[in-house]
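S.K.: Provided below for reference: sequence and predicted model.
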Amino acid sequence: MRGSPETIAVVVVTYNSARLLPDLIASLAPGLVGLHWHLTVADNASSDDTVEVLRREAPWARIVETGRNGGYAAGINAAVAVAGPHDAVLVLNPDVRLAPNCVPELLAVLRRRNAGITVPRIVRANGDFSPSLRREPTILRALGDAVLGADRVGRIGRLGEVITDRRWYARETTVDWAEGSIMLIDRACWAACGRWDESFFLYSEETEFALRARDRGFAMILAPRAEARHLEGDSATSPRLWALLTLNRVRLYRRRHRLPSAVVYWALVLLREVSRALVGNRCSRLAVKSLVSGRRLREAPGPASVHPSAAGAINVSA
């Protein structure tokens, strides 16, 4: 038995996130009630006043100024590397809002189920249900997505990667992975798995980490009584972000499978994007161009394709 409250290292990665930070910071205390915790923020060379807002709203936080926009995984790694002593790491997007008692519920499930990672039920900005749980990418699921669409096949385990059946969200559910906006990661799991893979820059890094944890015997479990609100980004409406998301899905699959299977997977993802591009979807049009570019598939997409970046040394302030 653990005789005292556990310590949570809260880790946030920011990039031009000034407007999001006051509400996030306000949600931390009620969301982590009863726990010891500390906040470390890695800022990826924001050009707005993100760092100034952090120093005003959370003067007690540790701030890592990375000096470059190295991506989400790089920011997480930089923050965890300098975070204080902790029993678990809470990875948060700046556009997440914790509901009261969220993290104690995550921690309770983490300990009771001897899990490696726990995630909460996520609702959208307006409170609507958000299907945040996922199954491992497979050829059959890529086919189902291409032919029928993710929403239609989400209730069918062999065909759907996105879990859309709400019954899965009402119980403690073991899943392959979940969206990476909020995850509580046990210290032992982090130690066994190591750093997040920075080559993905943005998207699929959480998938890769969760599958790597599962490969090492650490389960990811939904804590249904824990809730968080995710304001959500614009990957579905930004052609560049959607193209990056699509490319990284294929790159991740290739890393975990032999070339013949990866070629089939790539063809099915391409089929999906072509079918949507033909009806005028701008995001899919750019995704198609990226998928047929051998150079883009081989290289690790970097900040030049998504955000401006700057180079420099890492500076840490408390």
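M.R.: Sure, I can see it.

S.K.: switch to C-alpha atoms for all contacts and neighbour counts from now on
M.R.: Fine.

S.K.: what's near enough to touch residue 129?
M.R.: Residues in contact with residue 129 (Cα atoms under 8 Å, 6 or more residues apart in numbering) are 122, 123.

S.K.: Who does it form a beta bridge with?
M.R.: With DSSP bridges as the criterion, residue 129 is bridged to residue 123.

S.K.: Return the distance of it relative to residue 76.
M.R.: Per Cα to Cα, to the nearest Å, residue 129 is found 27 Å from residue 76.

S.K.: Regarding the closest residue to residue 231 other than its chain neighbours, what is its secondary structure?
M.R.: Using Cα to Cα, 6 or more residues apart in numbering and skipping residues adjacent in sequence, the residue nearest residue 231 is residue 125, 4.7 Å away. With DSSP: H, G, I helix; E, B strand; the rest coil as the basis, residue 125 sits in coil.

S.K.: Show the contacting residues for residue 125.
M.R.: Here residue 125 is in contact with 229, 230, 231, 232 (Cα under 8 Å, 6+ apart).

S.K.: which residues of this structure fall in helices?
M.R.: Remark: helices assigned in the chain by DSSP state H are 21-31, 50-57, 72-82, 102-112, 139-148, 150-153, 187-193, 205-215, 239-256, 259-277, 282-291, 294-298.

S.K.: looking at those helices, which is buried most?
M.R.: Ranked by mean neighbour count under mean count of other Cα atoms under 10 Å, these are led by helix 72-82, which reaches a mean of 22.

S.K.: what angle separates that helix from helix 205-215?
M.R.: 60 degrees (axes from the mean of the first three to the mean of the last three Cα atoms, to 10 degrees).

S.K.: which helices and strands does helix 72-82 pack with?
M.R.: strand 7-14, strand 36-43 (3 or more Cα pairs under 8 Å, 6 or more residues apart in numbering; DSSP states H and E).

S.K.: Dump the ones you listed into TSV; add mean neighbour count and distance to residue 98 as well.
M.R.: TSV is the format used below for the helices and strands packed on helix 72-82 (neighbours: other Cα atoms under 10 Å; distance: least, Cα to Cα, whole Å):
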stretch	mean neighbour count	distance to residue 98
strand 7-14	24	12
strand 36-43	23	14
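
S.K.: could those go into a markdown table alongside mean pLDDT and distance to residue 206?
M.R.: Rendered in a markdown table, the data for the helices and strands packed on helix 72-82 read as follows (pLDDT from 0 to 100; distance: least, Cα to Cα, whole Å):
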| stretch | mean pLDDT | distance to residue 206 |
| --- | --- | --- |
| strand 7-14 | 98 | 14 |
| strand 36-43 | 98 | 17 |
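
S.K.: got those strands as TSV, with distance to residue 100 columns?
M.R.: Putting these into TSV (distance: least, Cα to Cα, whole Å) gives the following:
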stretch	distance to residue 100
strand 7-14	16
strand 36-43	15
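
S.K.: right, so of these, which gets closest to residue 71?
M.R.: When those are compared by Cα to Cα, strand 7-14 sits nearest residue 71, at 8.9 Å.

S.K.: ok, the residue lying closest to residue 121 once chain neighbours are set aside - contacts?
M.R.: Sequence neighbours aside, residue 227 is the residue nearest to residue 121 in space, at 4.8 Å (criterion: Cα to Cα, 6+ apart). Contact analysis of residue 227 by Cα under 8 Å, 6+ apart lists 98, 99, 102, 120, 121, 122, 123.

S.K.: switch the cut-off to 7 Å
M.R.: Residue 227 sits next to 98, 99, 102, 120, 121, 122 when contact means Cα atoms under 7 Å, 6 or more residues apart in numbering.

S.K.: Can you turn the buried part of the contacts of residue 125 into a PyMOL selection?
M.R.: Remark: buried members of the contacts of residue 125, expressed as a PyMOL selection using 16 or more other Cα atoms under 10 Å:
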select buried, resi 229+230+231
